[in-house]
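A.B. asks: what shape does this take:
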Amino acid sequence: MRYNEYLFAARREKMQVYVDTIKRLSDIEQQTIATIAELQDIQKNMEAEQAQLVLQQQQRQQMALEADAALQSKGDALTTIERERAGLQKVIDQIEKQRALAKAQEEKRQQEEAARQQAEALRQKKEQERLAGPETHPEKAIQKPVTDEREQAIKPREKSSTPAYSAEDLKRLQSTSFTQRKGNLMWPVQGKVINSFGQQRQGSVTWDGLRIQAQSGSDVRAIHGGRVMYADSLPGQGLLLVLDHGDGFMSLYAHNDALLHESGEWVQPGDAIARVGNSGGEKEPGLYFEIRQNGEPVNPLPWLAKR
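C.D. replies: Here you go, the predicted model:
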C-alpha cells in the first residue's frame, strides 16, 4: 500500500514537474513572441526613422542645391544690376562732362569778350585823342581794330551721344529755378510706388529712384522745364530719356514704350515726353524715375508734390 502511495506521489510529482515545465515553456514562448513582436516594432521604427533620415538628407541636399542656385542667380542678377548701373552712370558722367565743358567755354568766351571790349574801349580812347590833337602826337600811327577772336576757326567737336551746350542753353538752364520748386514738382506719372529710393534691391544694392506702376501707353510728363540730354535705348533701362534742369539737377525716365522728344530739344513743365511701357526687360508696365544732383542720385520724394 505504501509502495503504491509512494509510486502515486512520485508520478504526481513528476506530472507536476512536467506541467510546470510546460507552463514555463509556454511563458517563455509568450515572452519570445512578445519579444519578437517588440523587436519587429523596433525594426519597423528603425526602418521608418532611417527612411525619414534619408528623406531629410535628400531634402537638405535639394535645399543646398537650390540655395547654391539662388546664390548663383543673385550673383548673376547683382552683376547685371551693377553693369546696368555702370552704363547709366556713364551716360550721366558724359552729360556732366558736356555741361562742365560748355561752362568752361562760356567763361572763356566771356573773358575774351571782356578783353575785346576793354581793348576796343582803349582803341576808341586813343582814336579820340588822336582826332582831338593830331599835331601833338604825329609819331603815333593809327591802330588797327582789334580782331574778334571768336572769328577764329572752331575746332571740330568730339562726337558724343549727348548734345553739346551752347551759351544760350546755359542761360536758359540758369533761369529754370529747379531748386525753388522743391516739394512742388509734378509727378511724372500717376500710379503706385512699388519701390522707393534707398530700398533694398539686390544684396547690398539699393534703389536709386522710384519704380512707379502705371498704365501702359499713358503719358510720362516732364517734372520741370529743361533740355533733353539723352533719348535712346540703354541696356537695363530700356528706352531712356534724361532731362537737364540746370542747377546741377537732372531727371531720368526709364522703361518707356516710346520717346516723344529727341536730344537737344527743350521741354516745358508737364510736357508729355514719353509713353509708359516695360522696355528693358520689365515684366509689368511702369516708370523708373530718378532725380540726380551733380551726377549723384537723390531721393525724389522730397522734391515731388505731396499727393
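A.B. asks: pull out the buried residues from stretch 197-215.
C.D. replies: Buried residues in stretch 197-215, counted by 16 or more other CB atoms under 10 Å: 197, 201, 207, 208, 209, 210, 211, 212, 214. Heads up, the C-betas are built off the backbone N, CA and C, glycines and all.
A.B. asks: out of these, which one sits closest to residue 22?
C.D. replies: Of all those, residue 201 has the smallest distance to residue 22: 83.8 Å, by CB to CB.
A.B. asks: give me the average confidence score over the helix or strand the closest one falls within.
C.D. replies: For residue 201, the element it lies in under DSSP states H and E is strand 200-202. Mean pLDDT, strand 200-202: 87.
A.B. asks: and it, what does it pack onto?
C.D. replies: Helices and strands touching strand 200-202, by 3 or more CB pairs under 8 Å, 6 or more residues apart in numbering; DSSP states H and E, are helix 2-132.
A.B. asks: spatially central, which residue of this structure would that be?
C.D. replies: With distances taken as CA atoms, centre = their mean, residue 207 lies nearest the centre of the chain, 4.7 Å away.
A.B. asks: OK, contacts around that residue?
C.D. replies: The neighbourhood of residue 207, defined by CB atoms under 8 Å, 6 or more residues apart in numbering, consists of 195, 196, 197, 198, 199, 200, 201.
A.B. asks: pairing partners for the strand holding residue 201, with directions?
C.D. replies: When pairing is defined by DSSP bridges, strand 200-202 lines up against strand 205-206 (antiparallel).
A.B. asks: other residues contacting whichever helix or strand comes after the partner strand?
C.D. replies: Tracing the chain C-terminally past strand 205-206 and defining elements by DSSP H and E, one meets strand 210-213 next. With CB under 8 Å, 6+ apart as the test, strand 210-213 has contacts from 187-189, 191-197, 284-290, 300-301.
A.B. asks: coming back round to it: so how far is the strand holding residue 201 off the chain centroid?
C.D. replies: On the basis of CA atoms, centre = their mean, to the nearest Å, strand 200-202 is displaced by 8 Å from the centre of the chain it belongs to.
A.B. asks: could you list the low-confidence segments of this protein?
C.D. replies: Scanning the chain with the threshold set as pLDDT under 70 gives 1, 64-65, 67-78, 133-162, 165, 167, 169-176.
A.B. asks: which strand of it spans the most residues?
C.D. replies: Of all the segments assigned as strand in the chain under DSSP state E, the longest by residue count is strand 249-259.
A.B. asks: list the buried residues of that strand.
C.D. replies: For strand 249-259, a neighbour-count test (16+ other CB under 10 Å) marks 249, 250, 251, 252, 253, 254, 255, 256, 257, 259 as buried.
A.B. asks: redo the residues you listed as TSV? Include distance to residue 183.
C.D. replies: Compiled in TSV, the buried residues of strand 249-259 are given as follows (distance: CB to CB, whole Å):
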residue	distance to residue 183
249	14
250	18
251	15
252	20
253	20
254	24
255	26
256	26
257	30
259	28
